[in-house]
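S.K.: Sequence first, then the predicted structure, then my questions.
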Amino acid sequence: MFALIPAVFRALFRIVFFFLLFAVIGGGITLLVAYANTPHWHWPPSTLTIVVTAVIGVLAGYAAGLTTLVREVIRGVKDVERDVVRGVESEREHAHA
């Protein structure tokens, strides 16, 4: 039970970290492409460009966060499965002794 609390905090930290990382990367790449494809190298970008950048950043972050969540759930299931196998094997050894 107490091993679950650090695992949950580690998973939440990783989810937030990867969400923010990929949101910044996705938004940055979008701004770079918009800047490179503007005929007169106009800066600051238009409102539409900022909105599209924000949407792409949020979607990239959401995808990364959701992927991280699935990876952490799979890791947790594997850890529980290992603990159950160890428990069964130790009970079996005690029963044979």
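M.R.: Now that the structure is in, tell me what you want to look at.

S.K.: Next one: Arg10 from Ala63, what distance?
M.R.: From Arg10 across to Ala63, the span is 20 Å (Cβ to Cβ, to the nearest Å). Any C-beta I mention is one placed from the backbone N, CA and C, and that applies to glycine too.

S.K.: Settle it for me: which of these two has more neighbours?
M.R.: Between Arg10 and Ala63, Ala63 has the larger neighbour count (other Cβ atoms under 10 Å), namely 15 against 12.

S.K.: so the closest residue to Leu21 other than its chain neighbours is in which element?
M.R.: Distance criterion Cβ to Cβ, 6 or more residues apart in numbering; nearest residue to Leu21, sequence neighbours excluded, is Ala64 at 7.0 Å. Under the criterion of DSSP states H and E, Ala64 resides in helix 47-96.

S.K.: now for that helix, which elements pack on it?
M.R.: For helix 47-96, the elements it packs on are helix 4-36, judged by 3 or more Cβ pairs under 8 Å, 6 or more residues apart in numbering; DSSP states H and E.

S.K.: chain center to the helix it packs on, what's the gap?
M.R.: Offset of helix 4-36 from its chain centre (Cα atoms, centre = their mean, to the nearest Å): 7 Å.

S.K.: so where's this protein shaky on pLDDT?
M.R.: 1, 97 (pLDDT under 70).

S.K.: pretty sure Thr49 is touching Val33, no?
M.R.: No: counting by Cβ atoms under 8 Å, Thr49 stays clear of Val33, with 9.8 Å between them.

S.K.: who has more neighbours, those two?
M.R.: More neighbours surround Thr49 than the other of Thr49 and Val33, with 17 against 13 (other Cβ under 10 Å).

S.K.: Distance-wise, check the more buried one relative to Ala34.
M.R.: Using Cβ to Cβ, we find Thr49 at a distance of 5 Å from Ala34.

S.K.: For the residue nearest to Leu21, grab the count of nearby residues.
M.R.: Using other Cβ under 10 Å, Ala64 has 20 other residues around it.

S.K.: Could you do Phe18 as well?
M.R.: For Phe18, using other Cβ under 10 Å, the count is 19.
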